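> give me coordinates for this.
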Amino acid sequence: MESQKLSNHRWTICGLLFFATTINYLDRQVLSLTWKDHLVPEFHWTDSDYGTITALFSIFYAGSMLIAGRFVDWMDTKKGFLWAIGIWSLGACIHAYCGIATSGILTGNWFVSFGGAKEHIETVGDTALVLSTSVTLFIFARFVLALGEAGNFPAAIKATAEYFPKKDRALSTSIFNAGATVGALAAPVSIPFIAEAYGWEMAFLIIGVLGFVWMGFWIFIYNKPEVHPKVNAAELAYIQQDVVINEHISEPVTGASPEGKLSFVKCLQYKQTWAFAFGKFMTDGVWWFFLFWTPAYLADIYGMDSTESALPLFVLYMITLLSIIGGWLPSYFVDKKGMDPYAGRMRAMLIFAFFPLLALLAQPLGQTTYWIPVIIIGIAGAAHQSWSANIFSTVGDMFPKKAIATVTGIGGMAGGLGSTVINKGSGVLFTFAGETQMKFMGFQGKEAGYFVIFSICAVCYLIGWVVMKALVPKYQPITDL
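Just a heads-up that it's a prediction; the model follows:
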């Protein structure tokens, strides 16, 4: 076995996780890239209405993450991921029929085309009724989308723990997590043009179908490494090298239930769970704010429509691809500096936490050209994705494989709650700032509102890191499960 060349099926699995995450972020981006140009004229939405929809999506996602983690641990990785992507792809497609449903509810015309639905909605004199009905229907569609999308990261992190040793997990996580950036990158150069050419409904349908295609590949390619015919003995030994206790491990945490089950209540007794959850709560909302509101920011501040903002958004997410460094840096600290995996990850996360401070300059320097905030948001996004890859990997460092999806779900719920606060708060603030022409730090109107949110986003990572370090100052894996 020592002379046998390692097979590389683990990287094929990593590739599948990458494409799943890409589809995941494409699906959630369709709304942010169509609402200003297509849904506002049709349904009369305001910033506050959009903020409500995105905030409720975050709440649904948060609650679903808690369930999804347990579901994936119960169903196991293969079936759990199939259920997750099947549900979210269905949810993505449901969005396309919200116009027809609005027409059916308000006019009684259900069996109409997408174009026919628009014509019938225009005959409704009560615009407030059109607004409330359409918002309610989109909220339902976002609920189904969130229910499925919540399973992506618990399943992906669990698959990564099954196929990679601890020292490689940050790198493999950063690779599949880069799918979030690639999805966000592909969205502005595809979705607005699909919507412009074929209607916003087809944008939801075409992107939504991609998940069903992915399911076919997952069924035939994925299986446990212990039984997979494409994983040879050398690769399996490499994957399972963590069976040997790491010499750096100190102060292992014991006390888990003897039957090997880890309940929610039991999870919350560990400082490691709270550290992960707080880090997610403080930072997930920043990424989701940039994801959901940057197209609106370019429209509100610089007057761009969705097709005009395609190039700036493409450049922004190209910069975010620098996040691949997030997987390499902790490996450098572990291999070259002799740190344990947790210490190496925390050192890397501290470095990444300083880059979002540039967001403080986005609005002031943006007076010169929109390219400056675009570049700054791209750098902040790259820092977030680097941070995200490492904070996810801390779960695998601390918890046994059977509990990873559950703990990831708890952290995801916390991240979703943080995202709810920032998305709803942003919508209310931007509407208020626009209507009252609010003044703050030399800015007025919506510019003042964006400056406030950018300033909050800038400091979230350092706050998150300090609290995480205080809760778990050194490597403390949980054993005896």
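> tell me which stretches of the stretch 351-481 of the chain form strands.
439-440, 443-444 (DSSP state E, counting those that start in this stretch).
> please identify the most buried of the ones you listed.
Of the strands of the stretch 351-481 of the chain, the one with the most neighbours on average (mean count of other Cβ atoms under 10 Å) is strand 443-444, at a mean of 16. The way it works is simple: take the backbone N, C-alpha and C, and place the C-beta from them, glycine included.
> need the strands of the stretch 351-481 of the chain in JSON lines (columns: distance to residue 291 and mean pLDDT).
Shown next, in JSON lines, are the strands of the stretch 351-481 of the chain (distance: least, Cβ to Cβ, whole Å; pLDDT from 0 to 100):
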{"stretch": "strand 439-440", "distance to residue 291": "24", "mean pLDDT": "89"}
{"stretch": "strand 443-444", "distance to residue 291": "23", "mean pLDDT": "90"}
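> can I get those in a markdown table including distance to residue 265?
Output for these, formatted as a markdown table (distance: least, Cβ to Cβ, whole Å):
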| stretch | distance to residue 265 |
| --- | --- |
| strand 439-440 | 43 |
| strand 443-444 | 46 |
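> for the stretch 101-250 of the chain, give me the ranges with low pLDDT.
Low-confidence regions of the stretch 101-250 of the chain, defined by pLDDT under 70, span residues 243-250.
> so for residue 116, which of the strands of the stretch 351-481 of the chain sits nearest?
Residue 116 lies closest to strand 443-444 among the strands of the stretch 351-481 of the chain, at 43.0 Å (Cβ to Cβ).
> hang on, the earlier thing: for residue 359, find the nearest of the strands of the stretch 351-481 of the chain.
Taking the strands of the stretch 351-481 of the chain one by one with Cβ to Cβ, strand 443-444 is closest: 14.3 Å.
> how distant is that closest one from the center of its chain?
31 Å (Cα atoms, centre = their mean, to the nearest Å).
> could you name the helices and strands sitting against it?
Packed against strand 443-444, as judged by 3 or more Cβ pairs under 8 Å, 6 or more residues apart in numbering; DSSP states H and E, are no other helices or strands.
> what lines up beside it in the sheet?
The pairing partners recorded for strand 443-444 under DSSP bridges are strand 439-440 (antiparallel).
> avg pLDDT for the host helix or strand of residue 301?
Assigning secondary structure by DSSP states H and E places residue 301 in helix 271-302. For helix 271-302, the mean pLDDT works out to 89.
> now it: buried residues?
272-301 (16 or more other Cβ atoms under 10 Å).
> helices or strands up against whichever helix or strand comes after it?
Proceeding N to C from helix 271-302, the next assigned helix or strand is helix 310-320, under DSSP H and E. For helix 310-320, the packing partners by 3+ Cβ pairs under 8 Å, 6+ apart come out as helix 166-186, helix 271-302, helix 371-398.
> who wins for proximity to residue 427 among those?
helix 271-302 (8.7 Å).
> packing partners for that closest one?
helix 9-29, helix 47-75, helix 310-320, helix 371-398, helix 401-436, helix 446-471.
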